[in-house]
Every structure is written in structure tokens, then in C-alpha cells.
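*Asks:* below: sequence and its predicted model.
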Amino acid sequence: MSDNHFSGRVPSSFDFLLYLQVFDLSNNNISGTLPSFFNSSNLLHVYLSRNMLQGSLEHAFQKSFELITLDLSHNHLTGSIPKWIGEFSQLSFLLLGYNNLYGSIPTQLCKLNELSFIDLSHNNFSGHILPCLRFKSSIWFILLEEYPSEYSLREPLVIASKSVSYSYSPSILYYMTGLDLSCNSLSGAIPPEIGNLNHIHVLNLSNNHLIGPIPQTLSNLSEVESLDLSNNSLNGEIPPQLVQLHSLAYFSVANNNLSGKTPEMVAQFSTFSKSSYEGNPLLCGPPLLNSCTKEVPPPPPPGPSTDEKEESSVIIDAQVFCVSFVVTYIMVLLGIAAVLYMNPDWRRAWFNFIEKSINTCYYFVVDNLLKPFRIRVRKPLV
């Protein structure tokens, strides 16, 4: 019943469909909360994406332990992921992206051994990335051989890969594995154990608050096609071992605090443009414009010896001093003359000052310097 214009709540009459295995109401206008009667032990695939569902997941699907696909993306769900999620031993596709979920990612997800794809993007999850997650790519082949009609996927799923959302048909989903935790509030470092997920095709940790270096172990993701670590606070160098990822078609570490040299432009990395690295001021090397090698200035041409340079500099300095002194003296005199010419009051005061100064100097010389040379005339004795 997908892709219609159904509205309202999910009818409670569905509770009587005891043998229901596939429930698809995706891409409608279904509202309200998830009904608590979704507890059928026969449910295998639930598709409720792109609706207007609200509320939490706490009381829904608690007894649907055989669930393989749970797609509740693009709704308005709130709350955290219930801990009973760890009881879904067959769960392979968990799509909860584009909701308002919060809290930390429950460690119970580490109990799931049959995971193929987890999408928790565009929520408000916080805390650290679980280092214990496991993905298994061969699950579908085993289940199809044993239960071809029961475990085969029935509907396509919309999954973001290479920064674009695609609708993957069931036949392609058998080979699709990945982890999308983008656009949340996750913090801490990227666990090195993520490198053990060597079967995944998509790893998107962008737009979080991750810190620390990029683990060298990511070079073990031999089948990854899309690796996005952009818009975080990662630092350090980009591991050069990443050039071993020969299946990589999309790569981005833009807008971090990375430094050092970009990976060699070989194999798949020769196809990535500067947009994969921009926003890291301390990063250098192609395809970025800033080079890692600083240009050394050429040596100066041969010239006179040091002594000759010192002598010539002394001569030049003396000449410059004399010229500047004469020019300054002339400028001061001209400035005083111009001021006295334009202001008669200052001119009279200046001349009075000069006359007074001359008289003072004259009497000083006469009274002090010429005094020993004066001839004293004695009066004659009578």
C-alpha cells in the first residue's frame, strides 16, 4: 500500500493479521504514533518511511524478533533507540535516518551478527561511535539458499551513497552493506576497530564532532566505495595507506583540521578533486594549490667584500647625514621667515627678542670676560 495518499493513524485492525510478514505503508501521509500492536512474531519486513509518524519506538515491534528490515526513515520520531533492538537476531537493514531521535547509540546493536546496513543519519545522536559493530555480507546468500521465499527482500530501500540518495532494488541490496552516522552530534575519536568492517561499501561519518586522527586501519576497508569524513574536527595526517582502497569512488575529508601531505595521486585517488580536501588550511599537495615544498630564494650575486661594503656604507651614511642636516636647517629658516613675514605681531616680538638677546650677551661679555683686562687708576696721594 505504498506510494498513495493514505492519511490518519495505522488502523488497529492490522493486529488481527497474525501471519503478516511484509508490511509496507511507505510514502504516504500516515500520522500518529507507532501502534503497540506491532508485535507479531511473523513480521519480517516493515516499510514505514516517508510518513509523518511521531512518538517513540519504545512500545512497538517488541516481539517481532524475526525482523529483517525495519525502515522508519523520514518521519518525526523522537526518543532513543530501545535496548530491545539487540533481540532482533536476524535484523539486517535498520534505517532510522531523518528523524528526531537522540541519546547514545545503544551497545545492544553489537549483538546483531547479521547487519548489512545501518542508517542513523540526520538525527540528534550523541556519544561515541561503537567500536563493536559487525557487518556480514554473506547473510543473504545463506538465507536465500535455505529459505528463498521467506527471507528474500520485497521492496527497494533508499540509501545514501556517494553523497547522493539512491533507491536500491532488492537484487542490489543483497550486496549492499554500510554505516551512515552522518549529521548527528557524535564526539570522540573514530575507533580503529571500524577498519575491521572490511565488507562494507559505504562509511559516512560526516557532520559530527569527531576528533583525533584518521585511523590507519581504514585502509582495510577493501570493498568501500564511499568514504565521507568531512565536517568534523579531525587532525593529524591523512594515512597514506588509504591509496590501497581501489574500490573507492567517493572520498571526502573536507573541513577538518588535517595537516601534512595529501595522499599520492595514484589509482582511485587520481580522480578526486580539491573539493575532497578543501577546508584544511594546513593540508598541502595536489590536487590542492598550496605546495608542500617552500621555494628557496636564489643566492645573491657576487659583490664587494665585507670590509668594502662597511666602508662604502659609512661614506654613504655621512653624506646622507650632511645633506639631510643642511636641508633641514634651510627648511627651518624658511619656515621661520615665512611665519614672521605673514604675522607682524610675531615679527615685532621676534626682533625685540633678538635685540634683548644681543644686549644680554654684550653685557655678559663686558662684565665677565673683559673684567681682568680693565686698568685700575689709583688716586694720587696728597
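*Replies:* On my side now, so go ahead.
*Asks:* following the lowest-mean-pLDDT helix or strand in the chain, which helix or strand comes up?
*Replies:* For the chain, scoring each helix and strand by mean pLDDT, DSSP states H and E identifies helix 139-146 as the least confident one, at a mean of 52. Proceeding N to C from helix 139-146, the next assigned helix or strand is strand 157-161, under DSSP states H and E.
*Asks:* what packs against that following strand?
*Replies:* Packed against strand 157-161 by the contact rule (3 or more Cβ pairs under 8 Å, 6 or more residues apart in numbering; DSSP states H and E) you find strand 93-95, strand 117-119, strand 164-168, strand 178-180, strand 202-204. Every C-beta, even on glycine, is put in place using the N, C-alpha and C of the backbone.
*Asks:* domains of the chain?
*Replies:* If you go by automatic domain parsing, the domain ranges for the chain are 7-284, 314-373.
*Asks:* weakest of these by average pLDDT?
*Replies:* If you rank the domains of the chain by mean pLDDT, domain 314-373 sits at the bottom with a mean of 74.
*Asks:* so which of the helices and strands packed on strand 157-161 is nearest N256?
*Replies:* Set against N256 and scored by Cβ to Cβ, the helices and strands packed on strand 157-161 come closest in strand 202-204, at 14.6 Å.
*Asks:* from the contact counts, what lies against that closest one?
*Replies:* Packed against strand 202-204, as judged by 3+ Cβ pairs under 8 Å, 6+ apart, are the following elements: strand 157-161, strand 178-180, strand 226-228.
*Asks:* so what's N204 up against?
*Replies:* 121, 160, 178-182, 226, 228 (Cβ atoms under 8 Å, 6 or more residues apart in numbering).
*Asks:* switch the cut-off to 7 Å
*Replies:* 121, 160, 180-182, 226, 228 (Cβ atoms under 7 Å, 6 or more residues apart in numbering).
*Asks:* which of those residues lies closest to K111?
*Replies:* Within the contacts of N204, the smallest distance to K111 is 18.4 Å, found for L181 (Cβ to Cβ).
*Asks:* if I look at the closest one, how far off is V202?
*Replies:* As defined by Cβ to Cβ, to the nearest Å, L181 lies at a distance of 11 Å from V202.
*Asks:* doesn't Y329 fall inside a strand?
*Replies:* No: applying DSSP: H, G, I helix; E, B strand; the rest coil, one finds Y329 to be helix, outside a strand.
*Asks:* and it, how far from E114?
*Replies:* From Y329 across to E114, the span is 97 Å (Cβ to Cβ).
*Asks:* okay, these two: which has more neighbours?
*Replies:* Looking at Y329 and E114 with other Cβ atoms under 10 Å, you find the greater number of neighbours at E114, namely 19 against 10.
*Asks:* so what's the more buried one up against?
*Replies:* With contact set as Cβ under 7 Å, 6+ apart, E114 has these partners: 90-92, 136, 139.
*Asks:* now, which of those residues sits nearest L67?
*Replies:* L91 (5.5 Å).
*Asks:* pretty sure the closest one contacts N113?
*Replies:* No: because the distance of 9.6 Å does not satisfy Cβ atoms under 7 Å, L91 is recorded as not touching N113.
*Asks:* which of these two has more residues huddled nearby?
*Replies:* When L91 and N113 are compared on other Cβ under 10 Å, the one with more neighbours turns out to be L91, at 24 against 12.
*Asks:* does the more buried one count as helix, strand or coil?
*Replies:* With three-state DSSP as the criterion, L91 was assigned coil.
*Asks:* from R50, how far off is it?
*Replies:* Relative to R50, and taking Cβ to Cβ, L91 is found at 21 Å.
*Asks:* any chance of the helices and strands packed on strand 157-161 in JSON lines, plus distance to G212?
*Replies:* Putting the helices and strands packed on strand 157-161 into JSON lines (distance: least, Cβ to Cβ, whole Å) gives the following:
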{"stretch": "strand 93-95", "distance to G212": "26"}
{"stretch": "strand 117-119", "distance to G212": "22"}
{"stretch": "strand 164-168", "distance to G212": "28"}
{"stretch": "strand 178-180", "distance to G212": "18"}
{"stretch": "strand 202-204", "distance to G212": "16"}
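*Asks:* just tell me which of those strands ends up closest to L234.
*Replies:* L234 lies closest, by Cβ to Cβ, to one member of the helices and strands packed on strand 157-161: strand 202-204, at 13.8 Å.
*Asks:* chain center to that closest one, what's the gap?
*Replies:* 17 Å (Cα atoms, centre = their mean, to the nearest Å).
*Asks:* same check on stretch 52-68?
*Replies:* Relative to the chain's own centre, stretch 52-68 is displaced by 35 Å; criterion: Cα atoms, centre = their mean.
*Asks:* try stretch 56-70
*Replies:* 36 Å.
*Asks:* now the strands for the stretch 151-300 of the chain?
*Replies:* The residue ranges that make up the strands of the stretch 151-300 of the chain, judged by DSSP state E, counting those that start in this stretch, are 157-161, 164-168, 178-180, 185-189, 202-204, 209-212, 226-228, 233-236, 250-252, 257-261, 282-284.
*Asks:* ok, D71 - how many residues close by?
*Replies:* A total of 22 residues lie near D71 under the criterion other Cβ under 10 Å.
*Asks:* these two touch, right, it and L95?
*Replies:* Yes: counting by Cβ under 7 Å, D71 touches L95, with 4.4 Å between them.
*Asks:* what do these two both touch?
*Replies:* Shared contacts of D71 and L95, defined by Cβ under 7 Å, 6+ apart, are found at 49, 157.
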